[in-house]
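Chemist: What follows is a predicted structure for the sequence shown.
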Amino acid sequence: MPTELPLATQRIVDFQRPPVAETALGVVFAPLAGWSVLHFGLLWERFRELYPETEIKTAGGPGEVRFTATEGIDFSALPIKAMFIDRSGNQLVQIQRNAFIRNWRQTEQSVEYEHYENVRPLFQRDWKTFCGFLDSEELGQVEVVQCEVTYINHLVRGKEWQTFDDVSRIFRIWAGANVDSLSASQMVSFVTVFELPEKAGTLQVVLQPGLRKRDAKEIIQFSLTATGKPADSSSAEILKWLDLGHVAVVSSFRDLTTPEMHGHWGIK
């Protein structure tokens, strides 16, 4: 882990062929008391020109269905997530009763990685639209619980690795093991959590095998998520923390992986 966090909007490290498959800039806040499922549709009208496609999915966390005094069912507490998606399928906004997430994701039609300095102003624009909607609907201001920066990387069998024993060639923190009584590794996974400098939050590193949904290729998914609470709930402090989280994620990606992989990804 780096001991200091440099200016966040500059490129800490640059690769020609980074394995990044998805990025997310998120704000988690106290649940909006007046929010209902009807607000998703009203909010989409604000985003519809830029994000004409939609998906409605269940969000994380247990749902609660309550019977009202008139014996109807109250769905207001159900964990619902609305996704507003642009025409390319690469850019999307996810809205929950207690979260706002701005994603870039790789698709079959467009695989080129979108750098943070390009995504940050899009987050800023869309967050402003969301906050403006809350104000106009008198839903109150958000009370931020934490901010998150996530980078999801796909390491493909046949490119970065052939067998799980190759993990030690990819990650500096994985030495591997030569045990005479055992055969080759059949699966590798780990979770590691670091504290960020100046106790600004934490960085969670997760390694797990899987199949990539869009093409069924076997991958090792390498995810880095920085989380922490900004100084206050203002947009300025949210952006400041996201900048910090971005630096932590990108510099840790560099520091946790090997020079051999840096060459494979075309470090500049």
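Modeler: On my side now, so go ahead.
Chemist: Give the other helices and strands that the host helix or strand of Tyr151 contacts.
Modeler: When elements are assigned from DSSP states H and E, Tyr151 belongs to strand 144-156. Contact partners of strand 144-156 among helices and strands, from 3 or more CB pairs under 8 Å, 6 or more residues apart in numbering; DSSP states H and E: strand 20-29, strand 218-228, helix 235-256. Where C-beta positions appear, they are placed from N, C-alpha and C, glycine not excepted.
Chemist: Tell me which of those lies nearest to Gly201.
Modeler: In terms of CB to CB, the element of the helices and strands packed on strand 144-156 nearest to Gly201 is strand 218-228, at 2.2 Å.
Chemist: would you turn the helices and strands packed on strand 144-156 into CSV with distance to Asp165?
Modeler: Below are the helices and strands packed on strand 144-156 laid out as CSV (distance: least, CB to CB, whole Å):
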stretch, distance to Asp165
strand 20-29, 23
strand 218-228, 12
helix 235-256, 18
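Chemist: Can you list the low-confidence ranges for the stretch 1-150 of the chain?
Modeler: 1-10, 60-77 (pLDDT under 70).
Chemist: so Lys128 makes contact with Ala236?
Modeler: No - using CB atoms under 8 Å, Lys128 is not in contact with Ala236; the gap is 11.9 Å.
Chemist: okay, now Phe164: neighbour count?
Modeler: By other CB atoms under 10 Å, the residues close to Phe164 number 17.
Chemist: what's the burial count for the closest residue to it other than its chain neighbours?
Modeler: Once flanking residues are discounted, Phe164 sits nearest to Ser185: 4.0 Å by CB to CB, 6 or more residues apart in numbering. Per other CB under 10 Å, the neighbour tally for Ser185 reads 14.
Chemist: what ranges do the helices span in the stretch 51-200 of the chain?
Modeler: 116-136, 167-170 (DSSP state H, counting those that start in this stretch).
Chemist: any idea which of those is most buried?
Modeler: Ranked by mean neighbour count, the helices of the stretch 51-200 of the chain are led by helix 167-170 with a mean of 18 (mean count of other CB atoms under 10 Å).
Chemist: So which elements touch it?
Modeler: Other helices and strands packing on helix 167-170, by 3+ CB pairs under 8 Å, 6+ apart, are helix 259-264.
Chemist: Using neighbour counts, pick out the buried residues of the helix it packs on.
Modeler: Buried residues in helix 259-264, defined by neighbour count with 16 or more other CB atoms under 10 Å: 261, 264.
Chemist: Tell me how many other residues surround Ser88.
Modeler: Ser88: 11 neighbours (other CB under 10 Å).
Chemist: go on, the one 3 residues further on?
Modeler: Burial measure for Gln91: 20 neighbouring residues, criterion other CB under 10 Å.
Chemist: The closest residue to it other than its chain neighbours: neighbour count?
Modeler: Distances taken as CB to CB, 6+ apart put Trp104 closest to Gln91, at 6.0 Å, once the chain neighbours are dropped. Neighbours of Trp104 under the rule other CB under 10 Å: 22.
Chemist: Equivalent analysis for Pro18, please.
Modeler: Neighbour count of Pro18, defined by other CB under 10 Å: 18.
Chemist: Tell me the spatial nearest neighbour of it, not counting adjacent residues.
Modeler: Counting by CB to CB, 6+ apart, the residue nearest Pro18 is Tyr113, at 5.2 Å.
Chemist: Hmm, Gln16 and that neighbour touching each other?
Modeler: No - look at Tyr113 against Gln16 with CB under 8 Å: they stay out of range, at 9.8 Å.
Chemist: ok, those two, which is more surrounded?
Modeler: Taking neighbours as other CB under 10 Å, Tyr113 and Gln16 compare with Tyr113 leading, 18 against 9.
Chemist: With that, I have no additional questions.
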